[in-house]
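*Asks:* all I have is the shape, not the residue letters:
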């Protein structure tokens, strides 16, 4: 079950990335290639129509980031404007709808990406956007301010370093 869910998520994520990179416009054969994966394709189309249309002015996709300050690294899904606001954007799939409180780790991770991006570029990004499409096609949009999660990020990093160093 976990392997199937992970494969579905990876396929939807690649479709989102291709869409935001204008691959479907520039290489229509890519569009047809994805249609054969029926469930991921349907989930992607729901996400495209209800949320990806709010993304503009992309700064980075699948970009590696690191922080000297926090001594962490990671790969962010997308840094772009979401509804006109610079944002860290994460794409997720889920079997069922998620409650907001289940997303805390996503917000902490997004805050880390925002901090890393600012450290590397000098550009501040405060909005975190988690876009989730469920197996039944429901699209959920969670929008948060990174500042709420910076204390949790610092606490999580301290706990990790205390256990591992």
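*Replies:* Cool, got the structure. Please read all numbers here as calculations on a predicted model, not as lab measurements.

*Asks:* phi first, then psi, for residue 149.
*Replies:* phi -110, psi 0 (degrees, to the nearest 10).

*Asks:* that one: neighbour count?
*Replies:* Neighbour count for residue 149, taken as other Cβ atoms under 10 Å: 22. C-beta coordinates here come from the backbone N, C-alpha and C atoms, glycine included.

*Asks:* now do the contacts for it.
*Replies:* Applying Cβ atoms under 8 Å, 6 or more residues apart in numbering to residue 149 gives the contacts 104, 107, 108, 110, 111, 128.

*Asks:* quick one: buried ones out of those residues?
*Replies:* For the contacts of residue 149, a burial check counting by 16 or more other Cβ atoms under 10 Å picks out 107, 108, 110, 111, 128.

*Asks:* so which of these are in strands?
*Replies:* Judged by DSSP state E, strands contain the following of the buried ones among the contacts of residue 149: residue 128.

*Asks:* in the buried ones among the contacts of residue 149, find the pair that's most separated.
*Replies:* Within these, 108 and 128 form the most distant pair, 9.5 Å apart (Cβ to Cβ).

*Asks:* where in the protein is pLDDT low?
*Replies:* The chain contains residues with pLDDT under 70 at 34.

*Asks:* can you pull out the strands in it?
*Replies:* 55-67, 72-82, 85-94, 127-134, 139-145.

*Asks:* those into TSV, with extra columns for distance to residue 18?
*Replies:* Shown next, in TSV, are the strands of the chain (distance: least, Cβ to Cβ, whole Å):
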stretch	distance to residue 18
strand 55-67	10
strand 72-82	13
strand 85-94	12
strand 127-134	16
strand 139-145	18
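
*Asks:* identify the residues contacting residue 13.
*Replies:* 77, 91, 93.

*Asks:* list the beta-bridge partners for the residue nearest the centre of the chain.
*Replies:* The chain has residue 90 as the residue nearest its centroid, 1.0 Å off, counting by Cα atoms, centre = their mean. Beta-bridge pairing for residue 90 (DSSP bridges): residue 130.

*Asks:* dump the residue contacts of residue 39.
*Replies:* Contacts of residue 39 (Cβ under 8 Å, 6+ apart): 8, 135.

*Asks:* mind starting the numbering at 84 from now?
*Replies:* With the count now opening at 84, the last piece we talked about shows up as residue 122.
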